[in-house]
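A.B. asks: dropping the sequence and predicted coords here.
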Amino acid sequence: MLIGESRVERLVVHRVGNQARGESLQLSDRATSVDDEVSALLLGGYLKGIVSDKKKYQFFHESDLNLNELYHYSRQFFRGEIDFLDVSHRIARHLYAHSQHPNISSGDVLVILFSGLSDGDETQRAIGVFKSEIRDDFLTLIDSGDVIDIRHASGINPKLIDKGALILDNGPIVYAVDRLGHQTKFWLDDFLKAMRVPDVGSSSRMVAKVVEQLSGEIDDPVEQVRFKDEFLSLCRAEDDVSAGQLTSMAEKFVPREQVNQAFGSAAESYGFTLDDDARLPAQGMVKRLEKTLSKVGVGHGISLLLPSDLSLETFRSLDDGEGEMTLTLKLKKRD
């Protein structure tokens, strides 16, 4: 997404409290004026800070996407059915309705209409929703001619986004940020109801996590090594590999149900599911996992760190019943 020619068209500010604490919702009845300095701060802070593939999500709903409130309100505005002030009110009311968790802070909500964003083919508009929950302290200088005084002020830092969303006018894509979401995920899960759009980096990390998990669930150390060797061989032989190829390979060593559970757990952590035909850079996967997969668990809380030129051929564990244990390893030099 290119933002170089973007402009701020409208801005409305509302104050949204926590309904569970009896705090109110304060709606502005008109848009605020925006001068060049404020516009530059909004573009360089909020807009620039949210447009990134790592922050790319898409709206969803279990039965019908049009039942997703934020998606529905934005479509109404972009189709010209409601004006900007009206859509900002609907967004603020929807946020207030979901602000009931004890850890949700009150804050100022800026609803901004941007224009001139480009995806390379055409320009489009976008609605920005930014909630500021923390006010920063500043020192301001006042030059009266005879003396320069210093004063305290507090305000919003647009380069530090607490919670933000950028809703595009050409589909269900939304860029989202929740810097303070470690205690409650209401911004993404409840307010936006959005799922992460996978990129190459996040997809590779997800698969790496699955491979590490499955490797640790294989009890036989020799089978562990075979699993890791086959995974690395597959990746070294190709420029890129699909998630489906890696799943098929893993099913040679662990049951399909176990593989599905590992991918399901990873999907919950990363916020997206991975299609079987999703392509991943093979050499990147090798670099990401080569060091990790050199570690082999042999039970009893013991792990071996094998050099890259050695492989585990056989392994035996003998407990003499008197508190002593004998481990016998046969290592083979790789070709």
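C.D. replies: Nice, I can see it. Just so we're clear, the structure is a prediction, and the values are computed from it rather than from any experiment.
A.B. asks: name the residues that touch stretch 193-206?
C.D. replies: Residues outside stretch 193-206 that contact it (C-beta atoms under 8 Å, 6 or more residues apart in numbering): 53-54, 56-61, 68-70, 165, 173-174, 176, 188, 243, 266-267, 269-272, 274, 278, 280-281, 284-285, 288. Any C-beta I mention is one placed from the backbone N, CA and C, and that applies to glycine too.
A.B. asks: show me which residues of stretch 47-60 are buried.
C.D. replies: By neighbour count on 16 or more other C-beta atoms under 10 Å, the buried set for stretch 47-60 is 47, 49-51, 55-59.
A.B. asks: and that stretch, how far out from the chain middle?
C.D. replies: Distance of stretch 47-60 from the chain centroid (C-alpha atoms, centre = their mean, to the nearest Å) equals 9 Å.
A.B. asks: that one: end-to-end distance?
C.D. replies: Start-to-end span of stretch 47-60 (C-alpha to C-alpha, to the nearest Å) is 23 Å.
A.B. asks: and the contacts of that stretch?
C.D. replies: Outside stretch 47-60, the residues within contact range by C-beta under 8 Å, 6+ apart are 1, 3, 6, 65, 68, 70-71, 114, 117, 128, 158-159, 161, 164-166, 171-177, 188, 192-197, 199, 201-202, 271.
A.B. asks: mark which of these are buried, thanks.
C.D. replies: If we count by 16+ other C-beta under 10 Å, those have these buried: 1, 3, 6, 68, 70-71, 114, 117, 128, 158, 161, 164-166, 172-177, 188, 192-197, 202, 271.
A.B. asks: restricted to strands, list those.
C.D. replies: 114, 117, 128, 164-166, 173-177, 194-196 (DSSP state E).
A.B. asks: list just the nearest of those to L27.
C.D. replies: G128 (17.6 Å; C-beta to C-beta).
A.B. asks: hang on, isn't the closest one packed against V109?
C.D. replies: No. The criterion here is C-beta atoms under 8 Å, and G128 misses it with V109 at 10.5 Å.
A.B. asks: residue ranges for the helices of this structure, please.
C.D. replies: Secondary structure of the chain (DSSP state H): helices at 36-41, 48-50, 69-78, 84-97, 186, 200-216, 221-236, 243-250, 256-270, 282-289.
A.B. asks: list the contacts of the lowest-mean-pLDDT helix or strand in the chain.
C.D. replies: Counting by mean pLDDT, DSSP states H and E, the weakest-scoring helix or strand in the chain turns out to be strand 295-299, with a mean of 74. If you take C-beta under 8 Å, 6+ apart as the criterion, strand 295-299 is touched by 216, 219, 221, 224-225, 228, 303-306, 312, 315, 317, 327.
A.B. asks: would you reformat the residues you listed as TSV and include distance to R236 and neighbour count?
C.D. replies: What follows is the contacts of strand 295-299, written out as TSV (distance: C-beta to C-beta, whole Å; neighbours: other C-beta atoms under 10 Å):
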residue	distance to R236	neighbour count
G216	22	12
D219	26	10
P221	22	21
Q224	18	24
V225	16	23
K228	12	25
S303	24	13
L304	22	18
L305	21	8
L306	17	18
L312	19	21
F315	25	20
S317	31	14
L327	30	14
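A.B. asks: include pLDDT and distance to V13 when you put the residues you listed into JSON lines, please.
C.D. replies: Shown next, in JSON lines, are the contacts of strand 295-299 (pLDDT from 0 to 100; distance: C-beta to C-beta, whole Å):
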{"residue": "G216", "pLDDT": "84", "distance to V13": "50"}
{"residue": "D219", "pLDDT": "84", "distance to V13": "59"}
{"residue": "P221", "pLDDT": "85", "distance to V13": "61"}
{"residue": "Q224", "pLDDT": "85", "distance to V13": "57"}
{"residue": "V225", "pLDDT": "84", "distance to V13": "60"}
{"residue": "K228", "pLDDT": "83", "distance to V13": "55"}
{"residue": "S303", "pLDDT": "76", "distance to V13": "56"}
{"residue": "L304", "pLDDT": "75", "distance to V13": "60"}
{"residue": "L305", "pLDDT": "79", "distance to V13": "57"}
{"residue": "L306", "pLDDT": "76", "distance to V13": "60"}
{"residue": "L312", "pLDDT": "80", "distance to V13": "64"}
{"residue": "F315", "pLDDT": "81", "distance to V13": "66"}
{"residue": "S317", "pLDDT": "80", "distance to V13": "67"}
{"residue": "L327", "pLDDT": "81", "distance to V13": "67"}
